[in-house]
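**Student:** Give the three-dimensional model of this entry:
(one chain, ligands or ions: 1)
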Amino acid sequence: MAQRDKAIIYVDMDHVLCDYQDGFSRQKAMFPDLEFPQSQPGLYIGLNPLPGAIETYRWLNDHPNTNVYILLAPSVRNSHCYSEKRDWVEKHLGISVVQNLIITPHKNLNKGHYLIDDMASGKGQDRFEGSLIHFGSDLFPDWASVRAFFEEALHPDGSPPKAGPWDAFFNSELRVTEDFGLNQEDRDW
Ligand SMILES: [Mg+2]
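**Tutor:** Down below sits the predicted model:
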């Protein structure tokens, strides 16, 4: 398959590859008096992968019909975020994936077909030209559901996906779903 015909897939980190909620709880226990305990070094590099995240990322990355990138919006006030995110990627996915790490507060400026993200807006997700795979939503609650979706969407002969739970997704013009009511700026620091 020619490079131009491959599916370009972007993958977010916090709440998607990484278990941010668990890490934040541990950080809060260490720094109970800080309003923003996530501002202290060690949070981001210490995050655990969410179940199935590493295995499914590798499967997508190794798929002959894809080009896969990590696309994350940093906490711009927190310089540890930039370096620790990069180190997390090397630690869990290897140096070759660091080559495909993109850090930007403007996710919409990256061209591609799919964005796997737990946030539907806040960092340009709502203006991304491709389809949002809304991680944590009813349709995509976990990595097993994401893999099942891409096994259909990346069908090697290019035929349309078979009927299944994603009929509504493939037939919908409006693929960006509602947010969870959380403001990304609020949980970002
Ligand atoms: Mg996220």
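**Student:** And the strands in this structure?
**Tutor:** Using DSSP state E, the strands assigned to the chain run over residues 7-11, 66-72, 101-103, 114-117, 131-134.
**Student:** Quick check: mean pLDDT of the first one?
**Tutor:** What strand 7-11 shows for mean pLDDT is 96.
**Student:** what angle separates it from strand 66-72?
**Tutor:** 30 degrees (axes from the mean of the first three to the mean of the last three Cα atoms, to 10 degrees).
**Student:** helices or strands up against strand 7-11?
**Tutor:** Counting contacts by 3 or more Cβ pairs under 8 Å, 6 or more residues apart in numbering; DSSP states H and E, strand 7-11 packs against helix 53-62, strand 66-72, strand 114-117. For the C-beta atoms, the positions are set from N, CA and C on the backbone; glycine is no exception.
**Student:** switch to 10 Å and redo it
**Tutor:** Strand 7-11 sits against helix 53-62, strand 66-72, strand 114-117, strand 131-134, helix 143-153, with contacts defined as 3 or more Cβ pairs under 10 Å, 6 or more residues apart in numbering; DSSP states H and E.
**Student:** quick one on the thing from earlier: quick one: which of the strands of the chain is nearest the ion?
**Tutor:** strand 114-117 (6.0 Å; Cβ to the ion).
**Student:** ok, that closest one: who's next to it in the sheet?
**Tutor:** Strand pairing for strand 114-117, determined by DSSP bridges: strand 7-11 (parallel), strand 131-134 (parallel).
**Student:** Could you check the shortest one against the ion for contacts?
**Tutor:** Meaning strand 131-134. No. Using Cβ under 5 Å from the ion, strand 131-134 stays clear of the ion, coming no nearer than 10.9 Å.
**Student:** Can I get that strand in PDB, CA atoms only?
**Tutor:** The C-alpha trace of strand 131-134 is given here as PDB (Å, rounded to 0.1, in the frame of the first residue of the first chain):
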ATOM      1  CA  SER A 131     -12.900  11.000  12.800                       C
ATOM      2  CA  LEU A 132     -12.700  11.200  16.600                       C
ATOM      3  CA  ILE A 133     -12.500   7.800  18.300                       C
ATOM      4  CA  HIS A 134     -13.800   9.000  21.600                       C
END
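**Student:** Go ahead and name everything in contact with the longest helix seen in the chain.
**Tutor:** The longest helix of the chain (DSSP state H) is helix 79-93. The contact list for helix 79-93, computed with Cβ atoms under 10 Å, 6 or more residues apart in numbering, reads 13-14, 17-18, 38-49, 53-54, 57-58, 61, 70, 72-76, 78, 95-101, 103, 188-189.
**Student:** chain center to it, what's the gap?
**Tutor:** 14 Å (Cα atoms, centre = their mean, to the nearest Å).
**Student:** Cool, thanks, talk later.
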